[in-house]
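Peer 1: Could you work out the structure for the sequence below:
(one chain, ligands or ions: 2)
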Amino acid sequence: MSLLSRRKLIAAAAGASGLAVAARLADQYGLTPPDSGGIYGPGNTLTYASQRLLTRHSLAREFAPADIAKAPFAKLRPFQIEAYSKSQAVGFADWRIGVDGIVAQPTSFSLPDLRNLPARTQINQLACEEGWSFIAEWTGVALSEVLKVAKVLPQARYVVYYSIQKNWVQSIDMADALHPQTLLAYGMNGADLPIGHGAPVRMWLPRQLGYKNVKFITRLTLTDSLKNLYKGGNYSWYAGI
Ligand SMILES: Nc1nc2c(c(=O)[nH]1)N[C@H]1C(S)=C(S)[C@@H](COP(=O)(O)O)O[C@H]1N2
Ligand SMILES: [Mo]
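Peer 2: Ligands and ions are numbered 1, 2, ... in the order given. The predicted model follows:
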């Protein structure tokens with residue numbers, strides 16, 4: 001995008017018809033989020049498009065070991081899911097994460113499969129939309145490595161990710177999916193990821209708010225549209241911080 005167009009997009013926020021102009025420009029550059037319809041739509045488009053232009057190459061802050069929280073808060077109401085209890089009983093030895101959709105090589109990953117891929121450790125903050133946060137050290141495999149194994153095809157635009165908790169489904173665009181700090185995390189503070197924080201594997205993307213960091217991941221699907229999937233809800237689709 002040219003400097004002029006970028007200025008136009010950002011300046012559009014100030015004008016009377018700013019939101020409409022921003023929406024048109026965003027559309028032109030493929031920066032329209034899937035929740036662009038409805039009454040909050042224009043605002044969501046502006047937030048997403050302007051953040052994307054400003055931060056697409058940026059890294060979330062990484063902290064020092066001394067910053068790690070002594071008592072990180074696990075936001076978890078007790079749940080009863082038989083498949084989960086069974087897997088937990090065998091130390092998640094049978095846990096699988098399927099990768100399907102717009103890929104040349106649909107693949108099912110066990111935990112050892114994930115651990116055999118290059119590991120990355122980073123100290124970042126988890127920030128919940130409710131206002132609390134904590135800093136922890138996260139270890140996992142970059143999502144990009146997993147997508148490489150599954151041979152993602154160029155038509156893919158989003159990664160949809162599912163939890164064993166059926167009401168937890170989220171999605172990100174390829175810019176975030178391929179971002180070096182986006183992990184499938186299986187470790188926290190030097191140990192296995194605790195149950196409360198999403199064992200055995202959670203999505204870890206420090207550039208977005210807590211609710212995009214889905215726990216107990218079971219499946220990833222590559223799609224070119226979220227039309228039949230994203231139903232809106234309380235949270236905006238793009239939660240960049
Ligand atoms: N499967 C699942 N993932 C989830 C949640 C959940 O309840 N279930 N809560 C989300 C929210 S709102 C936040 S803030 C973070 C909290 O992560 P934590 O429990 O590790 O602190 O997880 C997110 N991922
Ligand atoms: Mo949250």
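Peer 1: what pairs with V141 across the strands?
Peer 2: Assessed by DSSP bridges, V141 has beta-bridge partners A119, L184.
Peer 1: and it, how far is that from ligand 2?
Peer 2: From V141 across to ligand 2, the span is 24 Å (Cβ to the ion, to the nearest Å). Placement of C-beta: from N, CA and C, glycine included.
Peer 1: and that residue, how far is that from A23?
Peer 2: To A23, V141 is 37 Å away according to Cβ to Cβ, to the nearest Å.
Peer 1: The residue nearest to V149 when sequence neighbours are not counted - how many residues pack around it?
Peer 2: Spatial nearest neighbour of V149, excluding adjacent residues (Cβ to Cβ, 6 or more residues apart in numbering): T107 at 5.7 Å. For T107, the count of nearby residues is 17 (other Cβ atoms under 10 Å).
Peer 1: L147 is in contact with T107, correct?
Peer 2: No. If you go by Cβ atoms under 8 Å, T107 and L147 don't touch, sitting 9.8 Å apart.
Peer 1: Name the residues of the lengthiest helix in the chain that are buried.
Peer 2: The longest helix of the chain (DSSP state H) is helix 41-55. For helix 41-55, burial by neighbour count (16 or more other Cβ atoms under 10 Å) applies to 41-42, 44-53.
Peer 1: Helices along the chain, start to end?
Peer 2: 3-11, 18-28, 41-55, 82-89, 111-116, 143-149, 174-177.
Peer 1: Now do G18, the pLDDT please.
Peer 2: As summarised for this prediction, G18 has a pLDDT of 61.
Peer 1: how is this structure carved up into domains?
Peer 2: 6-55, 65-223 (automatic domain parsing).
Peer 1: of all the ones you listed, which lies closest to ligand 1?
Peer 2: domain 65-223 (2.4 Å; Cβ to the nearest ligand atom).
Peer 1: Around ligand 2, which positions in the protein sit nearby?
Peer 2: 128, 210-211 (Cβ under 5 Å from the ion).
Peer 1: let's go with 8 Å and repeat that
Peer 2: 75, 128-130, 209-211 (Cβ under 8 Å from the ion).
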